Each structure stands twice: as structure tokens, then as C-alpha cells.
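Colleague: Build me a model:
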Amino acid sequence: RLDIVEGRFGDMEELVESRLAGAVFDIGVSSMQIDQAERGFSFQKDGPLDMRMSDHGISAADIVNRASEAVLADIFYLYGEDRASRRLASAIVPARAEEKITTTLTLAALVAKQLPRPKFGQPHPATRVFQALRIAVNDELGELARGLAAAENLLEEGGVLVVVTFHSLEDRIVKRFFQTR
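Modeller: Numbering: from 1, shown residues only. Sure thing, here's the model as predicted:
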């Protein structure tokens with residue numbers, strides 16, 4: 001009664017061969033991915049600045065080392081909701097001119113230098129930047145929107161759609177989708 005299919009949410013219509021009684025989306029990164037330093041998702045373990053969910057496409061290092069200052073600032077602000085986005089982007093551009101930023105700890109240290117030291121219990125200063133880069137690298141919000149549309153097309157009458165989200169950007173997309181449907 002349950003078929004697990006690996007793939008992108010946005011490709012669901014090509015991956016699924018029949019109508020669905022229900023679909024469950026678990027959005028975002030898993031702790032297993034964060035725990036693997038070589039995947040490049042964590043600012044707590046040194047690894048390549050990758051963040052790709054799959055093994056193809058642009059990496060976080062590609063974005064950090066190639067995007068313009070304005071594009072970096074937009075990514076940090078729109079996907080990380082970081083109010084210091086412009087300051088962070090303006091620090092990254094000259095740093096990458098001296099030496100490419102290729103590891104997670106290099107980027108985390110650079111970000112931490114630009115922001116006030118967090119108080120006890122507050123998240124690491126690089127949390128929002130890493131979230132923003134991960135979302136940009138994997139087009140997570142676009143995949144979510146395409147997946148919701150695909151699920152709507154695939155669900156049979158009375159079908160159930162469950163979406164597990166972890167932050168406000170995902171929440172807004174899902175809530176708006178359900179409100180309009």
C-alpha cells in the first residue's frame with residue numbers, strides 16, 4: 001500500500017504512474033545529510049562547500065565564488081531572511097578574490113567575523129547563510145511549488161496531501177497553496 005519513490009518533488013508526475021490516495025512531502029535537509037561532512041551542509045564540521053541534494057548541478061561553492069555581490073545579498077536575504085545580507089555579501093566578495101571559498105568552515109568563520117557574537121542559546125551566526133545557500137543550490141522553494149502542483153494533479157478525489165515544513169518560507173508557500181485550493 002506504500003511505494004517510496006526517490007526523486008524531486010517537481011518531477012512527481014513523471015515518477016508516479018497512477019493516481020494517488022495520498023502523498024507526504026518531508027521538506028528540507030535531513031540530519032543524516034548534515035552529519036556527513038562531505039555533503040557540505042554543516043558549518044560545524046569541515047567539508048567541501050557543496051550542499052547539493054544530488055550529485056549534479058551547481059554547488060554552494062559555485063554560488064559563493066561566482067555570484068555577484070548583489071545576487072549573494074539577495075540569496076541571503078530572501079532565502080535566509082538575514083538582515084545582514086548586504087554586509088555578508090560585501091565581505092565575501094573581497095575574501096574570495098584573495099582565495100576561493102571552498103570549505104564549510106571557511107565560509108562559517110567568514111560569516112561569524114561579520115556578525116556579533118551570539119548570546120548563549122542563540123544559533124550559530126552562519127545558520128541563515130547556510131540555509132539560504134542550500135535553498136538556492138537545490139531550488140527547494142521551486143521544487144516545493146512544482147511538487148504541490150503535481151500532487152494536486154495526481155491525487156484522486158478525496159486524496160490526502162501532507163506537507164512537513166521546517167521554516168517560514170516553506171510554510172508560506174504551503175499555506176497559500178492550501179488557501180487557494
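Colleague: Go ahead and confirm Asp50 touches Ala37.
Modeller: No. When contacts are counted by CB atoms under 8 Å, Asp50 is not listed as touching Ala37 (10.1 Å). The way it works is simple: take the backbone N, C-alpha and C, and place the C-beta from them, glycine included.
Colleague: Which one of those two is surrounded by more residues?
Modeller: Set Asp50 next to Ala37 and count neighbours by other CB atoms under 10 Å: Asp50 wins out with 22 against 16.
Colleague: ok now do the more buried one, which residues does it touch?
Modeller: Shown in contact with Asp50 (CB atoms under 8 Å, 6 or more residues apart in numbering): 38-41, 59-61.
Colleague: part of a helix, is it?
Modeller: No. Judged by DSSP: H, G, I helix; E, B strand; the rest coil, Asp50 forms no part of a helix; its state is coil.
Colleague: And it, how far from Ser90?
Modeller: As judged by CB to CB, to the nearest Å, Asp50 and Ser90 stand 24 Å apart.
Colleague: What about the contacts of Asp50, which one has the most neighbours?
Modeller: Neighbour counts for these peak at Phe41, which has 29 neighbours (criterion: other CB under 10 Å).
Colleague: Would you check how far apart that residue and Gly28 are?
Modeller: With distances taken as CB to CB, Phe41 is found 10 Å from Gly28.
Colleague: Same check on Leu148?
Modeller: Using CB to CB, Leu148 is found at 15 Å from Gly28.
Colleague: Just want to know which of the two has more residues nearby.
Modeller: Neighbours were counted for Leu148 and for Gly28 using other CB under 10 Å; Leu148 has more, 23 against 18.
Colleague: nearest residue to Glu156 other than its sequence neighbours?
Modeller: Residue nearest to Glu156 in three dimensions, not counting chain neighbours: Arg19, with 4.3 Å by CB to CB, 6 or more residues apart in numbering.
Colleague: hmm, who's touching stretch 32-48?
Modeller: With CB under 8 Å, 6+ apart as the test, stretch 32-48 has contacts from 29, 49-53, 59-61, 102-105, 107-108, 124, 126-127, 130, 134.
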